[in-house]
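**Q** what's the 3D shape of this:
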Amino acid sequence: MKTSKLFILSIACVFSVLITSPVIAYDQPAVNLGFTSFLDGGPPAGPGLYFTEYLQYYSADKLANHPAPNATVDVTVSLNQLIYQSDQVLLLGGKWGLDVIVPIVDFNSDLPANSTGIGDILVGPYLQWDPIMGKNGPRFMQRVELQTIFPTGRYDNSKALNPGSNFFSFNPYWAATLFVTPQLTTSWRLHYLWNAKNDDPFIGSGAGETQAGQAIHGNFAVAYEVIPKKLRLGLNGYFMNQIGNSQADGSDSPAKEKVFAIGPGAIFSLSQDTHIFFNTYFESQAENRPEGDRYLLRLVHHF
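**A** Numbering: from 1, shown residues only. The predicted structure follows:
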């Protein structure tokens, strides 16, 4: 489903925190970490208009490699998404679509945080391919989206936590679902992340200009249908690995962000047009970013 089908946004919130030293970190924008999971390779009901509401709660009591490692960060996020899937082939057999997400973010933290506000808006044109069919139903479906994140969110450079990042990001991805059997599925979404410069970074960084390094991140899930056309249970997870150096005033930083998470999840189908997802994630192996637990409830409806 689109990032959801979405997106999203990494999370849920943008951690615009910079370590106060020549080594900067905590500067990656909020991206889709765990917002999408099961059956992510295609829309559940074909062409048309979809609305998705994501409600996510994230709680971290460990800030890896941070000057205040025991500070707490609680984030509540609402992602409001509209997706239009056309029935018109545009390129290489793929049918065009458009994905728009507007996040609302609220913080509760020991760190200085901005008030509740609109986050960075995501816009993503995409190509969706029709499912490859087998004797017993679909076997494989996939999508490619050129996701963009615009710096429209609330931002204050005196705050360590902000709903907005104050810089543009390009975050394209490939999502797919493989039907191992009609009951057993595996899905994945693989992102590349490039970030533009922030010309007004957090004042604690001591820098006049920063740029978060390139990264790769992705979601993965395995599900089994336990009640036909009603309930699938499984495991879902995500990872993020920064592959390029962040910069402060043109100088490279050796600090790179990294995290891995996994947990149980489920998808309950009220009908072909309405689906409810529940996902839990428990993070580990974090470097230069928060480490905590994430809980997500998602409603997808096809009009």
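**Q** low pLDDT regions in the stretch 1-150 of the chain?
**A** Within the stretch 1-150 of the chain, the ranges that satisfy pLDDT under 70 run 1-25.
**Q** show me where it has strands.
**A** Remark: strands assigned in the stretch 1-150 of the chain by DSSP state E, counting those that start in this stretch are 2-5, 48-63, 73-91, 94-109, 117-118, 121-128, 132-134, 137-145, 148-150.
**Q** ranking the ones you listed by burial, who's on top?
**A** When you average the neighbours per residue for each of the strands of the stretch 1-150 of the chain (mean count of other CB atoms under 10 Å), strand 2-5 leads with a mean of 30. C-beta: built from backbone N, CA, C; applies to glycine.
**Q** who's in contact with the closest residue to L98 other than its chain neighbours?
**A** Excluding the flanking residues, the one nearest L98 by CB to CB, 6 or more residues apart in numbering is Y84, at 5.1 Å. Residues in contact with Y84 (CB atoms under 8 Å, 6 or more residues apart in numbering) are G48, L49, Y50, G97, L98.
**Q** separation between the second one and L82?
**A** Translated: L49. 7 Å (CB to CB, to the nearest Å).
**Q** any idea how far P47 is from Y26?
**A** Computed as CB to CB, the Y26 to P47 distance reads 41 Å.
**Q** more neighbours, the two?
**A** More neighbours surround Y26 than the other of Y26 and P47, with 24 against 15 (other CB atoms under 10 Å).
**Q** surely the more buried one touches E291?
**A** No - Y26 sits out of contact with E291 when judged by CB atoms under 8 Å, with a separation of 12.0 Å.
**Q** any common contacting residues for those two?
**A** Common neighbours of Y26 and E291 are listed as L63 (criterion: CB under 8 Å, 6+ apart).
**Q** for F168, give me phi and psi.
**A** Per-residue torsions, F168: phi -80, psi 150 (degrees, to the nearest 10).
**Q** quick check: closest non-adjacent residue to it.
**A** Leaving aside its sequence neighbours, F168 sits nearest to A196 (CB to CB, 6+ apart; 4.3 Å).
**Q** how about D87?
**A** According to CB to CB, 6+ apart, the nearest residue to D87 is P47 (4.0 Å).
**Q** in this protein, which residue is most central in space?
**A** The centroid of the chain falls nearest to N32 when counting by CA atoms, centre = their mean (0.5 Å).
**Q** from P228, how far off is it?
**A** Relative to P228, and taking CB to CB, N32 is found at 29 Å.
**Q** cool, and F107?
**A** On the measure of CB to CB, F107 and P228 end up 42 Å apart.
**Q** now swap in L39 and tell me
**A** 15 Å.
**Q** so these two - more neighbours on which side?
**A** Taking neighbours as other CB under 10 Å, L39 and P228 compare with L39 leading, 25 against 9.
**Q** I'd say that one and V222 touch.
**A** No - applying CB under 8 Å as the test, L39 and V222 come out as separate, 11.3 Å apart.
**Q** joint contacts of the two?
**A** Shared contacts of L39 and V222, counting by CB under 8 Å, 6+ apart, come down to T185, S187.
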